[in-house]
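Colleague: missing the sequence, but the structure's below:
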């Protein structure tokens, strides 16, 4: 669990910092305490409301360059790598945003230029830090349903899991690689990133739960009865037995194809 955070006097003693409002300075410390090990904060608006500072205090931090804002609303603390020297970082789930940043000579985060982004926009399977043993371990656990998975997709699954701190050789990593498709793993990580709980104490467990949730959701859709669309009931329309004028009567009945379950085996 993230508990200790540092702040460098070289940053907070500057006139640029000290001439900000008290609310802005206080908010800077609160955001720093709640950032992940790479300096990302997923819920700045919720923190602003929780600690009682104003939107203007946050705007001042952004204007003076103490935080950088992504289109998603996620922020990163610009001087994070000056304030915090972490020898062992917990993986971040904000990989897309991390890839948009570079660290300058002065250890500050800066956005990459369009040219730099284009140069680094290669396929995720390039330069993977995975060895043959990991790939073989995952490959051995591929079920018959996934024998058609291409090697590139398998590599991406391994890389995505490793990037968020889930070892592909662990029991849970092997299970996810065996049962889940690349799309389910991608969607699960994306969902985890967008819905991260406040003060999450087990990031890996949260991500695993989200991936499993996506797998279950898509697996159920595949099994959904096409006749009743998963409701277990269909509308029956018959001639009205009480009338001789050809009138029809409709009523709901259990779907005969799935026997009212809504799912096919």
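Modeller: Arrived safely, thanks for sending. What you see is a predicted model, and the numbers here were worked out from it, not measured in a lab.
Colleague: every contact and neighbour count from this point should use C-alpha atoms.
Modeller: OK.
Colleague: any idea how far residue 171 is from residue 73?
Modeller: 35 Å (CA to CA, to the nearest Å).
Colleague: again but with residue 188, I slipped
Modeller: If you go by CA to CA, the gap between residue 188 and residue 171 works out to 18 Å.
Colleague: okay, the two: which has more neighbours?
Modeller: Between residue 188 and residue 171, counted using other CA atoms under 10 Å, the more crowded position is residue 188 (22 against 11).
Colleague: what pLDDT does the model give residue 5?
Modeller: Per-residue pLDDT puts residue 5 at 90.
Colleague: swap that for residue 64, sorry
Modeller: pLDDT, residue 64: 96.
Colleague: could you pull out the strands for the stretch 1-150 of the chain?
Modeller: For the stretch 1-150 of the chain, the strands defined by DSSP state E, counting those that start in this stretch cover 40-41, 67-69, 75-77, 101-103, 109-111.
Colleague: what's the third one packed up against?
Modeller: Counting contacts by 3 or more CA pairs under 8 Å, 6 or more residues apart in numbering; DSSP states H and E, strand 75-77 packs against strand 40-41, strand 67-69.
Colleague: deepest in the core, which of those is it.
Modeller: strand 40-41 (a mean of 24; mean count of other CA atoms under 10 Å).
Colleague: show me how far that strand is from its chain's centre.
Modeller: Its chain's C-alpha centre and that of strand 40-41 lie 13 Å apart, by CA atoms, centre = their mean, to the nearest Å.
Colleague: do you know which of the strands of the stretch 1-150 of the chain lies nearest residue 202?
Modeller: strand 40-41 (16.0 Å; CA to CA).
Colleague: that closest one pairs with which strands?
Modeller: strand 75-77 (antiparallel) (DSSP bridges).
Colleague: reformat the helices and strands packed on strand 75-77 into CSV and put mean pLDDT and distance to residue 206 next to each item.
Modeller: Putting the helices and strands packed on strand 75-77 into CSV (pLDDT from 0 to 100; distance: least, CA to CA, whole Å) gives the following:
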stretch, mean pLDDT, distance to residue 206
strand 40-41, 95, 16
strand 67-69, 96, 24
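Colleague: any idea which helix or strand carries residue 215?
Modeller: Assigned by DSSP states H and E, residue 215 falls within helix 203-223.
Colleague: tell me the first helix or strand C-terminal of that helix.
Modeller: strand 233-239.
Colleague: list the buried residues of stretch 185-205.
Modeller: 185, 186, 187, 188, 189, 190, 191, 192, 193, 203, 204 (16 or more other CA atoms under 10 Å).
Colleague: so which of those residues belong to helices?
Modeller: Counted as lying in helices by DSSP state H, out of those, are 185, 186, 187, 188, 189, 190, 191, 192, 193, 203, 204.
Colleague: closest to residue 94 out of those residues?
Modeller: Scanning those for proximity to residue 94, where the rule is CA to CA, the winner is residue 193, at 6.8 Å.
Colleague: hang on, the closest one packs against residue 93?
Modeller: Yes. Counting by CA atoms under 8 Å, residue 93 is a contact partner of residue 193 at 6.2 Å.
Colleague: what segments of the stretch 51-200 of the chain are helices?
Modeller: For the stretch 51-200 of the chain, the helices defined by DSSP state H, counting those that start in this stretch occupy 55-63, 80-83, 95-98, 114-119, 132-140, 151-163, 171-179, 182-194.
Colleague: hmm, back to that, what angle separates the helix holding residue 215 from helix 151-163?
Modeller: 140 degrees (axes from the mean of the first three to the mean of the last three CA atoms, to 10 degrees).
Colleague: residues making contact with helix 203-223?
Modeller: Residues from elsewhere that reach helix 203-223 (CA atoms under 8 Å, 6 or more residues apart in numbering): 164-166, 176, 179-181, 184-189, 191-192, 196, 200, 263-265.
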